[in-house]
Structures are given as C-alpha cells and as structure tokens.
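Engineer: Sequence first, then the predicted structure:
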Amino acid sequence: MLYESNNVAYEYLYTNGVLASTTVTTFASPPGLLAGNLPMSIGARTSSATTNYNLQVDGLIDNVAVYSNALTAAQVLNHYEQSGVAPAFISEPANITVAQGQVGEFTSSAIGTAPLTYYWYVNGNSTPLVDGPLSTYVPGSPAVISGSSTADLTITGATYAADNNEVYSLTVSNSYGTVSSTNAILTMTAAPVLISADLPSATYAVAGFPLSLSATFSGSAPLHYQWLYNNAPLAGNARISGVTSNTLLLDPVLVGDSGTYQLVVSNTAGTNQTSPTVLTVLPFVTFNGSGIGWSLNGNNGGYLGNNTLQVTSGAGNENASSFFESPLYIGAFEASFTYTDVGDPGNGADGACFVIQNDARGAAALGAGGGSLGFADITNSVGLEFNIYEGNAFGGVGMSFGVNGVINEVENTSPVVINSGDPINVYVTYINGVASVLLQDANTDEEFSASIPVNIPTVVGSNTAYVGFTGSDGGSVSTQQISNYQFIDLLSVAVQQSGNNLVLTWPGLDVSGAYQLESNSNLSCTNCWQAVTNAASIVNNQNQVTVPVPAHPTYYRLQLQ
C-alpha cells in the first residue's frame, strides 16, 4: 500500500493481513502528480522507456483493488480474512515459568477467516481441555484452567509436585483449515520442602567415630544447601565434609563438635530449613538419659529415663534387645553397668546379656525369648550371660559367657546372688585377649570376679561392633533393669625402638585422628602432657608415629580430643 502526504511517501507491505514492512521516503518538495500518460500496471514493468512491459512477476496475483485513500491496518486484515483463509499463527504459545502460588498464562495470536475455534490440549491428551479442574486430564493436579476456548489459557493453583513440566499445545480451526502450535512447557518453581528425615531435637555421638546428619528436600532445582553450626555457616575441612550438601559427615566427631546443627536449603523460589538438632559428643557411651541414639527391638518396658533400660517388664514371653546405633571400638574397652532383678527376686526368669555383635541386622539384631535370653540367633557375637531362672537347663542361677548366640553352663557367682533383687554393679574390662568381670552387690559390698580368655575381634570379625543388651522371660516372668551404663574404648600405645628412633603404634580405626598422642617426662606434673606433633601414618592398619629416642625417661599416652 502506498500513499503520499506533505513531502513524504509511505509504503506499507502486509503479509497475510499483518503489517510486515514499512518504507518512508522524504522529498525536497511535494512530488505531485507525475507527468506522462503511462498506464498503471500490476505485476509488470518496463525495462526501459522504449520497451513494453517486459519485466513480469513470476507468480499469481489475485484480488487487486485500488483505493483513493490509504486503508487502515484493520481494513487490510478484514480484506484478507474475507477472502477465505485457513488459520495461521502470528505468535504461538511459548514456554512459561510460574512460581508455585502464582497464576500462569499461555498466550497466542492467530489470523484467518472468522470464526476461529480454539482447542487447548495437555500432555498429548487427545481430548480438548474444558474450563474447570485440570485433574480431569492430569490426575492429582490441584490446578484450575480457564480460557480453554480462546487464544490465551490461564492456569491457577498449579503446584511443583503435580504440574511441573506439563506440555500444552493449541489447535486453531475454521471452515478453511486447521493449524496446530508447537508444544509449550509449563515449568513450576517451588521453595524447598522437607519430605523426609528431619533432624531430631537432640543427637548423641561418641567421640572418635564418624557421625552423619542428613535431611531430604524436594523443590525446583537447583537446590542450594548450607549447614549451620551454632547459627553460623559451617566450613568444611579434611575432617568435616558435605557442608553444602544434604548430608553432613564428621569423621571423626570430636567432643568440641558439640553444639547446634541445622540445614538451610534455598532455590529461586524461597528458603526452608530443618529443625535444629543439639549434638552432644560424649567421651564415652551411656544411655543418654532415655536411650537417644540407641535401638529398641522386640517387646519390653523400654527406656525409663534416668539412664535406665528395662529389658523385660514382667509381661511374660518377652524378648528384647537394645544396641548403640553406631559400631564402637572393641579391641580394648571398659564397660560398667548395674543389673537389677526388680520384679519377684528369686522367682523370676529368664535373664539378660551384655552383648557385642556384628550380626547382619546390626543394631536391630534380636535373639529368641525364654531360656535363650534374647541372645540366641545373634551371630558373630559374644555375650556375658546372667541367667536368673532356677529351673533352667544350664545349672540354675549364675553367670556364663557365650559366643554366636550360644547359652552356656553357668558359673555360681556366690557370694553375689544376681537374682536377689539387690543392685549388682558389673565391671567388664577387655584387654590383651582377656575379659575380666567383677560383680559387686551394691547393698552388701560382696564381690565375685572371673576372667575369660577370648579374642573378641576375631569372634565378631572386626575391631568395631555393636554393643548393647538383650533380655527375655517366658512363662515365669521378670522385670529386669540395666542402669548407670558406661562404655569406654581403650586404645593403648605400643612402643618399639628402631635405631635412634621410637616407633609408637595404636589401632588404626576408621576414626583415626580422634586421639592425640601426648608425652610427659614427669608424671607428678599432671599439666605437663605435651602433644606429639610428628605426623602419623597408617601402616598395616595401625597408626604409626616415629620420634627420636628421648634423652630422659618419657611417658606416652593417647588423649581423646
């Protein structure tokens, strides 16, 4: 279309009724009417003033019209649509990203002879969308759609979990044809949402062993993680890893790591966090008040608080076990606890065991009930057995020591009577292949002791194992309690001279680095222990440090950090 006004000529080119190009030409003076008597031509022109219309368009031209005035864009489009034209997209629906809780809209524009009919589809479904719940087409979706018969589709209430990455398309039809758009994707963004494994309010760990804390979040990627320690971002090092992941590993955990931990997660849509957990790192194992950090298996009275475990509750036909949930070093250790038959002293059954095991079930290991003491069927195990049933097949009331779940003949512990109802203090020390047991009646102060040669790491198959208690009763019932429990691993230092050097070694556990080698040349000075700074290495599964032979007598020890 061409028209001239005030020294300016305007040319507009429309394609399919839509403005495609504009040219503006300015003249020094009004061009006016050109002189000459040449006719107006459509689709051809002369190559020179002396030729005929020898340059002709290679194509078809139809519906030519000449107007005395310039048409508006609406008039041009109306002419186009009145000519019987199939639909065509001016703009197709494009991918959109919508934050959860916001309204999403796919927009489009199409031309063609009226009337145009619009059909929206989702996820390749062959049934066109209808205004209303989207769940008819996408099961579980809480979204509602509107505008399904128009060029623009509106989606309200979509969620990340149900509607992320849905695929939409649009078909436009009229009497002259149909056109379908390319696919457009709905991308939902959502703030992180905790979906499993929130942190407990309190966590207990034993110094020298690995500890991991983790939680699982969903939400639009990427998720960014940051662990906090006492409300400040935690920095990683050779011992602390995963500070920007969903799993934090302290290997080994040290007493100084005690404090409050929390995981903060963020993405473009928002921020979330776990509950804080207060970590208490213990220099040795206890029941932690009410069994926090301990498994509880079978049927029993459970933890009573005040560091007391009730392994049977007098209900009859009980078998139970409870193990610290992390393996402990058992190459050398001290353990102490108080055993009490509090139900019907002298008449109860069946008994309890102090157990060290590497059964395939780990901390969930549980043996048979009745005369099996909850210990039978636990493999790769050793057990200090307290049998309190007079009528058992193992010699009556007494103490025995079994391996791999076997209940053995008892040894009379006189003058200590373990089923008297008195609290019986039990002290177990294992070192250099010998388990020493001391029983003490807390009321009478009478004592019984015994020693058992046994290679516990060989029996259980490792330097580390699950440590805890089992118990049972049957037709004759009992209420048995374990209290005041402590377990301390003992890492001893071996010294050997090599030329002008001393080679000091101690067990090389997975928890290497939890202990500091220290030296002192004057034992009367308790504050004179100094850290040995020579680097440690692992040789044949042993920590090894080499130091020069000292000029004066010197003592060495391992100090748990």
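Structural biologist: Ah, there it is. Keep in mind it's a predicted model, so treat the numbers as computed, not measured. Numbering: from 1, shown residues only.
Engineer: in this protein, which spans are helices?
Structural biologist: Using DSSP state H, the helices of the chain run over residues 73-81, 160-163, 288-291, 456-460.
Engineer: tally of neighbours for the nearest residue to Gly475 once chain neighbours are set aside?
Structural biologist: In space, Gly475 comes closest to Gly316 once its chain neighbours are excluded; the distance is 6.6 Å by CB to CB, 6 or more residues apart in numbering. In this view, the C-beta of every residue, glycine as well, is placed from N, C-alpha and C. Around Gly316 there are 14 other residues, counting by other CB atoms under 10 Å.
Engineer: still on that earlier bit, turn the helices of the chain into JSON lines, including mean neighbour count, mean pLDDT and distance to Ala368.
Structural biologist: Output for those, formatted as JSON lines (neighbours: other CB atoms under 10 Å; pLDDT from 0 to 100; distance: least, CB to CB, whole Å):
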{"stretch": "helix 73-81", "mean neighbour count": "15", "mean pLDDT": "77", "distance to Ala368": "87"}
{"stretch": "helix 160-163", "mean neighbour count": "19", "mean pLDDT": "89", "distance to Ala368": "45"}
{"stretch": "helix 288-291", "mean neighbour count": "17", "mean pLDDT": "88", "distance to Ala368": "23"}
{"stretch": "helix 456-460", "mean neighbour count": "18", "mean pLDDT": "97", "distance to Ala368": "19"}
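Engineer: Output those helices as CSV; include the columns distance to Val130.
Structural biologist: What follows is the helices of the chain, written out as CSV (distance: least, CB to CB, whole Å):
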stretch, distance to Val130
helix 73-81, 27
helix 160-163, 17
helix 288-291, 58
helix 456-460, 67
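Engineer: still on that earlier bit, show me what contacts the residue nearest to Gly475?
Structural biologist: Neighbour list for Gly316: 473-475, 477 [criterion: CB atoms under 8 Å, 6 or more residues apart in numbering].
Engineer: Okay, it and Val382: tell me how far apart.
Structural biologist: 28 Å (CB to CB, to the nearest Å).
Engineer: do the same with Val103
Structural biologist: For Val103 relative to Val382 (CB to CB), the value is 67 Å.
Engineer: What confidence value was assigned to the nearest residue in space to Leu504 that is not next to it in sequence?
Structural biologist: Among residues not flanking Leu504 along the chain, Val545 sits closest, at 4.9 Å (CB to CB, 6+ apart). pLDDT, Val545: 93.
Engineer: how far away is Val545 from Ala536?
Structural biologist: For Val545 relative to Ala536 (CB to CB), the value is 5 Å.
Engineer: Quick check: neighbours shared by the two?
Structural biologist: Leu517.
Engineer: dump the residue contacts of the spatially closest residue to Tyr555 that is not a sequence neighbour.
Structural biologist: Computed as CB to CB, 6+ apart, the closest residue to Tyr555 that is not its neighbour in sequence is Asn520, at 5.1 Å. Taking CB under 8 Å, 6+ apart as the contact definition, Asn520 lies against 528-530, 554-555, 557.
Engineer: quick one, what contacts Pro345?
Structural biologist: 419-421.
Engineer: re earlier: count of neighbours near the residue nearest to Leu504?
Structural biologist: So Val545, with other CB under 10 Å, has 18 neighbours.
Engineer: so how far is Asn501 from it?
Structural biologist: Counting by CB to CB - Val545 and Asn501 are separated by 10 Å.
Engineer: Kindly report the same for Ala352.
Structural biologist: Ala352 is 49 Å from Asn501, where distance means CB to CB.
Engineer: Compare those two and say which is more crowded by neighbours.
Structural biologist: Between Ala352 and Asn501, Ala352 has the larger neighbour count (other CB under 10 Å), namely 31 against 13.
Engineer: how close does Ser201 sit to Thr338?
Structural biologist: 28 Å.
Engineer: got it, and Tyr137?
Structural biologist: 67 Å.
Engineer: give me every residue that touches the residue nearest to Pro276 when sequence neighbours are not counted.
Structural biologist: Distances taken as CB to CB, 6+ apart put Gln262 closest to Pro276, at 4.4 Å, once the chain neighbours are dropped. Residues near Gln262 by CB under 8 Å, 6+ apart: 199, 227-228, 231, 273-277.
Engineer: Just the buried subset of the residues you listed, please.
Structural biologist: 199, 227-228, 273-274, 276-277 (16 or more other CB atoms under 10 Å).
Engineer: Thanks a lot, see you next time.
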